[in-house]
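Asker: have a look; sequence and predicted model below, questions after that.
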Number of protein chains: 2
Amino acid sequence: MPARPDGAALGALADLVPGRVSTRPADLDAAARDASACAPARPDAVVWPLVTEEVAAVVRFAAARGIAITARGAGSSLEGNPIPVAGGIVLDCSRMTAVVAVRPEDLQVDVQPGVVYAALNRTLRPYGLFFPPSPGGSADVATVGGMVANNASGIYSVKYGGTRDHVRAATVVTGTGEVLRLGNRCRKSASGYHLLGLVVGSEGTLAIATELTLALAGLPAARRQGGFRFPDAPAAARATADLVRFGVDVAAVEFLDAPTVAAIARLGVAGLDPAPCLLVEVHGSAAGVGETWETAADVVAAAGGAPLVLPDGRDAWSIRERATRAVEALRPDGATVRADLAIPIGALPALVERCEAVGRARRLPFHCFGHAGIGILHVLARVGAAERAAAEAARDELVDAVLALGGSCSGEHGMGLGNRRFAPREHGSALALMAGVKRLFDPHEILNPGKIW
Amino acid sequence: MPARPDGAALGALADLVPGRVSTRPADLDAAARDASACAPARPDAVVWPLVTEEVAAVVRFAAARGIAITARGAGSSLEGNPIPVAGGIVLDCSRMTAVVAVRPEDLQVDVQPGVVYAALNRTLRPYGLFFPPSPGGSADVATVGGMVANNASGIYSVKYGGTRDHVRAATVVTGTGEVLRLGNRCRKSASGYHLLGLVVGSEGTLAIATELTLALAGLPAARRQGGFRFPDAPAAARATADLVRFGVDVAAVEFLDAPTVAAIARLGVAGLDPAPCLLVEVHGSAAGVGETWETAADVVAAAGGAPLVLPDGRDAWSIRERATRAVEALRPDGATVRADLAIPIGALPALVERCEAVGRARRLPFHCFGHAGIGILHVLARVGAAERAAAEAARDELVDAVLALGGSCSGEHGMGLGNRRFAPREHGSALALMAGVKRLFDPHEILNPGKIW
């Protein structure tokens, strides 16, 4: 169990990072929670570092005293990932916002971890480049560091991959305060063990990234997008699996079930028909994008999809990004119980059927949506305190079903506090090796304790 | 230092895997070398396992006695990766050739590690699928297990990625003989530490994979390929960097310098002009492939490339795959000193110029070629014993240059024996963590000792 800093330690910490350490209740409260329904936990202090050396100094300070230290970005995570359950220091990286270097000739950018996803892409736009793993509804707040910690994915991951696929190199601070450079600036290499891939997705439990080299993609010359409605949710899932199986070069395939669409309509998108739907986008050349779109539309039509007219000529993503908030708005005083299921794509139709069956059998108001093109399905139940245990039992049933199908308990939100209960079931005896890796990077067990498993 | 098995141990080993253990000199000699110029080293025994349980039993046997155990595929590696420098047992996986399950609905296949790359793709062809990271000239011999051990890439990696990008799950045996399942069958997940990515590319030093779940791609509906000749090698490199920078959707971009083309011509491809060239392929729909090809041709022309007529209507890859053998044939009694350089793509023209300058200054017969589209450049000198030290000094100079440019000492051949000298320079203090990972997976230090660093 990590130690709590006493008054003397807090004073020394304030001297270490002058003017950017706080113990004010409002700051501690802000650092106590994320966007999940997990119980908040206050740290003893919040530090806002600006450079690698400050992060290293604070980690060494904490390591010497056995104090927990939890790095944090925007707090838009959904499984309690940055909640400082053991108190101690929260390292709020949201002021490390420098875009250090854009290298269009290498299709790369070097950034500090606090840069916000949408801001980064605004910076990259004049170069004709973008960082593809879009975090959807939180693009305006999510930091790149948080995305790396969670190995985030997004609407464009079906074409461009997830965050881990785009991290080429990083400067990181381990749990001893040692500064390491991992990876290199090559697209591909075969040199040594892939420690960088291990740090990406480790939720700040192995090391804290202080600078990141990211691979970029060229902005598409042309895009086309639209929606399709389906007679039932499994038909939409079948259309998704077909698009992938037939190799249609889709950039995004997002699924929303009827209850989710109804919730979005209620939140202010008048005229939106409450039917299960897919929102699809394709990228390509001005000449080629039409052909790809027609191919996608043919596959979708064969699976029972019909074009969906979006109200007021709305952009598909302005609808999609409201999904989480729309479900929350159904019951403002409730809590969201959420599954973040990942599945082999061929099993998506079966999983969608299973979600509907479990929701019916347990009489729970499930809302299903997600990055269907990469086999990720979020199942949300917005419930009051009385229903919470039942909703969690239903969620566990779905996770068991997904694991039996070769899937994973987390597609993109990470383990945090919410999913860590599933770690033994999913990883079995590999967990012992994971624990060994943890001891190696963080021998004092101070980095974001209580997470992952 | 691992122990050598005595007669009693060899007898017990023969009882463990009846009929598939050999101590015959011819078998020990075959297991003593790979396709590199590294000095061979004989093991004490060769075992041909068929199933996971046999691999685990042999590893436990070796672990109990502290005997080295080195897994091996076809031995087509180029840096001495499977040479059993500490003797002991070679685990020849080349009889583990089962294609366990093809799952076209998931775009996945489960295989044993001994399946040969070309044979796997023949099996997948009726499903309209293929495993993209083609190992070029060794496609007819290289095993999937060897490709995974080296994180191999190939001519199609510029569009489809490298081997690590295609490994979804694996059954592995660690250095204690424990059988673990790593990863899952999802395209994307965010659950636990990415141990699987660590095992891929670890050259059999962390664990031995006994079953692999691989992600596949759909066979392209249409392809178009051809060659382009350039007035000088840096112009070809600039064309490559431009193709990548402008986001042209190329499937392959291979570079051959003039001496390499001349060597190939000499090996029997009459009529091949000895100019620096690029071999390019694009994949797409029947309607779209022409447009992509024209875009690529325009970019290449702007960089000074002119269409190259391949003799006798030859396939570009039948030429490319001869590169290594053609250089060897220039001096059958010589040895190949080789660099396997990886570089950020924007630095490729500068690297090509540097290679030419170093070759000129040191009066060494350099041959440069490689997967230029992913920034990998092989530099080969075929030399006699008297020139070997000079060639190695020149190679070291090039590696230093590449590291200074943010590159890597190995693009795809791995560290093995040949590149491990560069590990401290490339990885710095991260090497201590790599050593810790090694101890975690292989506490008795019996798995392929003496490699990586």
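Answerer: Noted; the coordinates are in hand.

Asker: quick check: residues of the stretch 1-150 of chain A near chain B?
Answerer: Counting by Cβ under 8 Å from any Cβ of the partner chain, the residues of the stretch 1-150 of chain A close to chain B are A:R103, A:P104, A:E105, A:D106, A:L107, A:Q108, A:N150. Every C-beta, even on glycine, is put in place using the N, C-alpha and C of the backbone.

Asker: tell me how far the residue nearest to A:A3 when sequence neighbours are not counted lies from chain B.
Answerer: Of all residues not flanking A:A3 in the chain, A:G66 sits nearest, at 4.4 Å (Cβ to Cβ, 6 or more residues apart in numbering or on different chains). Using Cβ to the nearest Cβ, to the nearest Å, one gets 21 Å for the distance from A:G66 to chain B.

Asker: for A:F228, same thing?
Answerer: Distance from A:F228 to chain B, by Cβ to the nearest Cβ: 21 Å.

Asker: what's that residue sitting at in phi/psi?
Answerer: Per-residue torsions, A:F228: phi -140, psi 140 (degrees, to the nearest 10).

Asker: which non-adjacent residue is nearest it?
Answerer: Closest residue to A:F228 apart from its sequence neighbours, by Cβ to Cβ, 6+ apart: A:G305 at 3.6 Å.

Asker: how many residues are close by the one you found?
Answerer: For A:G305, the neighbour count with other Cβ atoms under 10 Å in any protein chain shown is 25.

Asker: what's the answer for A:A301, then?
Answerer: 13.

Asker: which residues touch the residue of the stretch 301-450 of chain A found nearest chain B?
Answerer: Of all residues in the stretch 301-450 of chain A, A:G346 sits closest to chain B, at 3.1 Å by Cβ to the nearest Cβ. By Cβ atoms under 8 Å, 6 or more residues apart in numbering or on different chains, the contact list for A:G346 reads A:A241, A:R245, B:R103, B:E105, B:D106.

Asker: mind putting those into JSON lines with distance to B:G411 and pLDDT?
Answerer: Below are these laid out as JSON lines (distance: Cβ to Cβ, whole Å; pLDDT from 0 to 100):
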{"residue": "A:A241", "distance to B:G411": "35", "pLDDT": "96"}
{"residue": "A:R245", "distance to B:G411": "32", "pLDDT": "92"}
{"residue": "B:R103", "distance to B:G411": "31", "pLDDT": "97"}
{"residue": "B:E105", "distance to B:G411": "34", "pLDDT": "96"}
{"residue": "B:D106", "distance to B:G411": "30", "pLDDT": "97"}
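
Asker: let's see which of those end up in helices.
Answerer: The helices, defined by DSSP state H, take in A:A241, A:R245 from the contacts of A:G346.

Asker: how about the contacts of A:G346, which pair is most distant?
Answerer: The span of the contacts of A:G346, defined through Cβ to Cβ, is set by A:A241 and B:R103 at 11.8 Å.

Asker: only the buried members of the contacts of A:G346: can you turn that into a ChimeraX selection?
Answerer: Under the burial definition 16 or more other Cβ atoms under 10 Å in any protein chain shown, those of the contacts of A:G346 that qualify are selected in ChimeraX by:
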select /A:241,245 /B:103,105,106
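
Asker: picking up where we left off before, quick check: closest non-adjacent residue to the residue of the stretch 301-450 of chain A closest to chain B.
Answerer: Among residues not flanking A:G346 along the chain, B:E105 sits closest, at 3.1 Å (Cβ to Cβ, 6+ apart).

Asker: quick one, what contacts the residue nearest to A:G406 when sequence neighbours are not counted?
Answerer: Once flanking residues are discounted, A:G406 sits nearest to B:R185: 3.5 Å by Cβ to Cβ, 6+ apart. Residues in contact with B:R185 (Cβ under 8 Å, 6+ apart) are A:P344, A:L405, A:G406, A:G407, B:D106, B:Q108, B:R168, B:A169, B:T213.

Asker: what does the stretch 351-453 of chain A have sitting close to chain B?
Answerer: Residues of the stretch 351-453 of chain A found near chain B (Cβ under 8 Å from any Cβ) are A:371, A:374-376, A:405-415, A:419, A:422-423, A:426-431, A:433-434, A:436-438, A:440-441, A:452-453.

Asker: which among those residues count as buried?
Answerer: A:371, A:374-376, A:405-415, A:419, A:422-423, A:426-427, A:430-431, A:433-434, A:436-438, A:440-441, A:452-453.

Asker: out of the residues you listed, which sit inside strands?
Answerer: When DSSP state E defines the strands, the subset of these inside them is A:I376.

Asker: picking that back up, for the residue of the stretch 301-450 of chain A closest to chain B, what are phi and psi?
Answerer: When read as degrees, to the nearest 10, the backbone of A:G346 gives phi -70, psi -20.

Asker: cool, and A:A251?
Answerer: Note on A:A251: its backbone torsions stand at phi -90, psi -30 [degrees, to the nearest 10].

Asker: what's the answer for A:L380, then?
Answerer: phi -120, psi 140.

Asker: tell me how far it lies from A:S94.
Answerer: Distance of A:L380 to A:S94, computed by Cβ to Cβ, to the nearest Å: 27 Å.

Asker: kindly report the same for A:A170.
Answerer: 18 Å.

Asker: which one's more surrounded, these two?
Answerer: Neighbour count, other Cβ under 10 Å: between A:A170 and A:S94, A:A170 has more, with 25 against 18.

Asker: ok, the more buried one touching A:L212?
Answerer: Yes. Assessed by Cβ atoms under 8 Å, A:A170 is found in contact with A:L212 at 5.1 Å.

Asker: mind listing what the residue minimising distance to the centre of chain A touches?
Answerer: With distances taken as Cα atoms, centre = their mean, A:A152 lies nearest the centre of chain A, 3.6 Å away. Residues near A:A152 by Cβ under 8 Å, 6+ apart: A:P133, A:P135, A:A142, A:G146, A:G162, A:T163, A:E412, B:A190.

Asker: try it again with 6 Å
Answerer: By Cβ atoms under 6 Å, 6 or more residues apart in numbering or on different chains, the contact list for A:A152 reads A:P133, A:P135, A:T163, A:E412.

Asker: excluding chain neighbours, what is closest to the second one?
Answerer: Right, A:P135. Excluding its sequence neighbours, the residue lying closest to A:P135 (Cβ to Cβ, 6+ apart) is A:A142, at 4.3 Å.
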